[in-house]
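> pasted the sequence and its predicted model underneath.
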Amino acid sequence: MILGALEAGGTKMVCALGDETGRISEQVSIPTTIPAETIPQIIDYFKDKKIESLGVASFGPIDLDKASPTYGYITSTPKKGWGDYNLLGELKAALNVPMGFDTDVNGSLLGEVTYGSSKGISDAVYITVGTGVGGGVMSGGNLVHGMLHPELGHMKMVPHSKDTFPGRCPFHKNCLEGMACGPAIGDRWGRPAKELYDNELVWEMEAYYIAQALANIIVILSPKRIILGGGVMHRMELFPLIREKTAENLNGYLKTKELASMDEYIVPASLNDDQGIMGCIKLALDALEEAGR
Ligand code: ZN
């Protein structure tokens with residue numbers, strides 16, 4: 001069985017082929033410029049590959065409501081040319097196979113709970129901390145959409161006592177993304193994050209914001225596992241700091257077996273940065289099943 005996977009990002013589009021076990025057989029990367037340039041290249045890649053279905057995990061915000069006239073659209077993105085763009089419609093018109101559609105972070109979450117170290121966990125949250133911050137949510141085995149989809153990266157933060165940085169989110173200033181994304185670290189300290197490895201306060205502050213967000217997520221969503229991915233989370237030294245500060249934030253209020261072993265509760269992504277594209281394979285598989293094929 002050949003399944004198509006498209007991880008639609010703001011800087012690149014990753015197109016891949018895989019099978020139902022999640023194994024990726026080939027993968028290419030196409031720069032995200034404007035739809036008129038990028039979309040024909042994606043269609044060209046998939047059109048002769050005999051895919052049974054396609055799973056698409058996209059940057060957003062996107063419309064995930066199947067009853068909506070703009071289902072499958074990228075909606076209010078500031079990225080030039082992609083606002084109010086009918087991404088899924090354009091792909092369907094050209095490729096004519098069943099398609100699954102979700103957010104990029106829900107895709108990564110789906111990859112981890114299907115093929116990764118969190119396999120089988122029914123209630124989980126995936127957070128990516130990179131050029132932006134986003135989060136996907138699974139509750140009772142279902143990816144959460146609600147009115148649109150969760151936007152965990154934009155929860156407001158209480159600033160760290162030693163932090164004078166106002167935050168860089170154009171909408172909220174000091175939300176999680178505004179304070180903790182990779183570019184926020186660079187803006188705060190005047191140098192890129194990778195040049196700041198020896199400065200303990202940089203990472204203490206980074207862990208402070210992420211842990212504050214995780215404590216909020218835990219009391220609101222009650223996940224059984226939290227997975228952290230994205231470029232900033234490649235710095236593994238952050239994990240013990242984040243676990244410690246998350247527990248400090250919760251202050252003993254919740255007593256569960258999951259929280260009793262923080263090393264297994266807050267974990268790094270486990271699929272070598274293929275969690276997103278593997279999640280797309282699962283979206284493709286689910287779309288096929290839904291189409292009754
Ligand atoms: Zn924000």
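Right, received. Where do you want to start?
> let me know the pLDDT of the closest residue to Ile281 other than its chain neighbours.
Once its chain neighbours are removed from consideration, Ile281 has its nearest residue in Gly18; the separation is 4.3 Å (C-beta to C-beta, 6 or more residues apart in numbering). In short, each C-beta sits where N, CA and C put it, glycine included. At Gly18, the pLDDT value in this model is 98.
> if I pick Lys282, what's in contact with it?
Gly22, Gly55, Leu110, Gly111, Thr114, Tyr115 (C-beta atoms under 8 Å, 6 or more residues apart in numbering).
> meant to ask about Val14, not that
Ala5, Leu6, Glu7, Gln27, Val28, Ser29, Gly276, Ile277.
> check Leu64 too.
For Leu64, the residues meeting the contact criterion (C-beta under 8 Å, 6+ apart) are Tyr71, Phe101, Asp102, Thr103, His145, Leu148, His149.
> measure the residue nearest to Ile281 to Glu37 for me?
Distance, Gly18 to Glu37, by C-beta to C-beta, to the nearest Å: 26 Å.
> what's the answer for Glu177, then?
Distance check for Glu177 against Glu37: by C-beta to C-beta, it reads 28 Å.
> who has more neighbours, those two?
Per other C-beta atoms under 10 Å, whichever of Glu177 and Glu37 has more neighbours is Glu177, with 27 against 12.
> tell me which element that one is part of?
helix 176-180 (DSSP states H and E).
> next: Ala284.
Assigned by DSSP H and E, Ala284 belongs to helix 275-290.
> for the helix holding Glu177, which helices and strands make contact with it?
With contacts taken as 3 or more C-beta pairs under 8 Å, 6 or more residues apart in numbering; DSSP states H and E, helix 176-180 sits against strand 133-139, helix 200-221.
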